[in-house]
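**Q** no sequence for this one, just the structure:
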Ligand code: SAH
């Protein structure tokens, strides 16, 4: 084994590591001793040579290294990796009672920076988002099979963040046969078809599980409007919960086709209307027709990929919430979401409050919504929190 390189930080730049924040920015690095390859383990020390962390080196990224372990005696070798993956999988064990679609590893929050692993029944999907996990993909695949007993692993390393790490996009099977078609999963009594090859993210919005269940519990006899429905997750949950009718809007014909197929798969007979349209236009149209709904879901795509897009994004979130509030019947509820990491919980609440004021309605906040427990947030890495939502009740 070649000697492990050392990454020495500028004086004062060790503060965030001492607070167990895992990202080491390029500007914090004073010198690199040795010749680490992309993804190699490096020993991070302060200006006084004191040990700070073991980290994975990423020479192309402005996040020059990501800390894997803050304990000198816990060097992240393959056995360490296997144990950390097994522990992350074990933490999700209880979810099998509700679903066979689970996020098994959520990057920094599980102490495995850049590694995403989702399970869909007997198929795993991995996303390697940083040089460190990319370099250890074989060891990761072995550890996943050991922890889950599943030997079908598909790689969807196609996220834009790979470019910032200097890594090419990579897709294909890592273990086992290529999935022959959609993977069928079952969550809270609803059957879904997940296209792990072409679907959004790794195929499905696993993160909205608890919010789908919340909606289902409120839906009996209600008129539901689901905006940005994609393959119909919220709509199907609401219909399964006894919704009187569900209107679902998305601009993607392909997504709506899957949604319709899932409706028949679930033998749902209640009226479901799948509308291919721009949500902004459709909401205007509905307002002009004076339509009313009892439950409205707004789960748009990420409007703010970074802080530079904040202004435009907050305007769009406000406009949507305002348009939805105008269609909400008295006593109705609005579930409004943002999955932009750059939009904080506080900011989102202010934006939605602005929409309530402009809509000239009285509304109360009934719940703050977030991703499910298989998408935890590290207490020392708040950047990991991305999905936030509010449930408002109109008086
Ligand atoms: N709520 C979904 C996920 C939404 S993803 C779920 O729980 O599964 C965002 C969706 O918004 C995508 O399906 C995309 O096709 C759609 N979309 C993006 N911009 C749109 C627009 N202006 N009007 C309608 N749909 C849009």
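**A** Perfect, thanks for sending it. Bear in mind that the values here come from a model prediction, so they are computed numbers and not experimental data.

**Q** Mind naming the longest strand for the protein?
**A** Using DSSP state E to define each element, the chain has its longest strand at strand 328-338.

**Q** Can you give me the buried ones in that strand?
**A** Across strand 328-338, burial judged by 16 or more other CB atoms under 10 Å covers 328, 332, 333, 334, 335, 336, 337, 338. Every residue, glycine included, has its C-beta placed from N, CA and C.

**Q** likewise stretch 355-368?
**A** Counting neighbours by 16+ other CB under 10 Å, the buried set in stretch 355-368 is 355, 356, 359, 361, 363.

**Q** same question, stretch 292-312
**A** 293-300, 302-304, 309-310.

**Q** Stretch 131-151 too?
**A** Neighbour-count burial for stretch 131-151 [16+ other CB under 10 Å]: 131-137, 139-145, 147-148, 150.

**Q** From these, list the ones also adjacent to the ligand.
**A** Among these, no residue lies close to the ligand (CB under 6 Å from any ligand atom).

**Q** re the thing from before, of the buried residues of stretch 292-312, which belong to strands?
**A** Mapping those onto strands (DSSP E) picks out 293, 294, 295, 296, 297, 298.

**Q** Roughly how far does the second one sit from residue 335?
**A** Relative to residue 335, residue 294 is positioned 12 Å away (CB to CB, to the nearest Å).

**Q** what's the answer for the last one, then?
**A** Distance check for residue 298 against residue 335: by CB to CB, it reads 7 Å.

**Q** before we move on, what about the first one?
**A** With the distance defined as CB to CB, residue 293 ends up 12 Å from residue 335.

**Q** hang on, the earlier thing: and which of the ones in strands among the buried residues of stretch 292-312 is nearest to residue 208?
**A** Within those, the smallest distance to residue 208 is 9.3 Å, found for residue 297 (CB to CB).

**Q** what is the closest one paired to in the beta sheet?
**A** residue 226, residue 335 (DSSP bridges).

**Q** wait, isn't it in contact with residue 225?
**A** Yes - in this structure, residue 297 is within contact of residue 225 by CB atoms under 8 Å, at 7.2 Å.

**Q** and the gap between the residue located most distally from the centre of the chain and the ligand?
**A** Ranking residues of the chain by C-alpha distance from their mean position (CA atoms, centre = their mean) puts residue 48 at the top, at 38.7 Å. Per CB to the nearest ligand atom, to the nearest Å, residue 48 is found 48 Å from the ligand.

**Q** State the distance from that residue to residue 41.
**A** Counting by CB to CB, the gap from residue 48 to residue 41 is 21 Å.

**Q** try residue 118
**A** Separation of residue 118 from residue 41 (CB to CB) stands at 26 Å.

**Q** Between the two, tell me which one has more neighbours.
**A** Set residue 118 next to residue 41 and count neighbours by other CB atoms under 10 Å: residue 118 wins out with 25 against 20.

**Q** could you say which helix or strand contains that one?
**A** Per DSSP states H and E: residue 118 is located in strand 115-120.

**Q** Kindly report the same for residue 347.
**A** Counting by DSSP H and E, residue 347 is part of helix 345-359.

**Q** Need the contact partners of that helix.
**A** The contact list for helix 345-359 (CB atoms under 8 Å, 6 or more residues apart in numbering) reads 314, 317-322, 325-326, 336, 338, 343, 363, 365, 368, 385, 388, 390, 392.

**Q** Can you verify the residue farthest from the centre of the chain is assigned to a strand?
**A** No - using DSSP: H, G, I helix; E, B strand; the rest coil, the assignment for residue 48 is coil, not a strand.

**Q** What does the pLDDT read for it?
**A** Among the per-residue scores, residue 48 holds a pLDDT of 94.

**Q** how about the helices of the stretch 101-250 of the chain, start to end?
**A** 131-135, 137-148, 161-164, 209-218, 233-240 (DSSP state H, counting those that start in this stretch).

**Q** same question but for the stretch 251-395 of the chain, I mixed them up
**A** Counting by DSSP H, counting those that start in this stretch, the stretch 251-395 of the chain has helices at residues 253-265, 279-288, 310-327, 345-359.

**Q** Would you mark the buried spots in stretch 189-199?
**A** Going by 16+ other CB under 10 Å, stretch 189-199 has these buried residues: 190, 192, 193, 194, 195, 196, 197, 199.

**Q** circling back: now the two most distant members of the buried residues of strand 328-338.
**A** Greatest spacing in the buried residues of strand 328-338, by CB to CB: 332 and 338 (20.4 Å).

**Q** what residues does the stretch 101-250 of the chain put near the ligand?
**A** 200, 205, 208, 228, 229, 230, 231, 233, 234, 249, 250.

**Q** Can you get me a residue count around residue 15?
**A** Residues lying near residue 15 (other CB under 10 Å) number 11.

**Q** Tell me the spacing between it and residue 313.
**A** 30 Å.

**Q** Quick check: can you list the domain ranges of the chain?
**A** 5-69, 78-175, 205-394 (automatic domain parsing).

**Q** Residue 182: which of these is closest?
**A** Closest to residue 182 of those, according to CB to CB: domain 205-394, at 8.0 Å.

**Q** Sort out which of the contacts of helix 345-359 are buried, if you could.
**A** Burial by neighbour count, 16+ other CB under 10 Å: within these this picks out 314, 317-318, 320-322, 325-326, 336, 338, 343, 363, 385, 388, 390, 392.

**Q** Max pairwise distance over these: which two?
**A** Pairwise distances among the buried ones among the contacts of helix 345-359 were taken by CB to CB; the largest, 29.7 Å, belongs to 326 and 385.

**Q** just to revisit the earlier point, mind putting the ones in strands among the buried residues of stretch 292-312 in JSON lines, distance to the ligand included?
**A** Shown next, in JSON lines, are those (distance: CB to the nearest ligand atom, whole Å):
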{"residue": "293", "distance to the ligand": "16"}
{"residue": "294", "distance to the ligand": "18"}
{"residue": "295", "distance to the ligand": "14"}
{"residue": "296", "distance to the ligand": "12"}
{"residue": "297", "distance to the ligand": "7"}
{"residue": "298", "distance to the ligand": "9"}
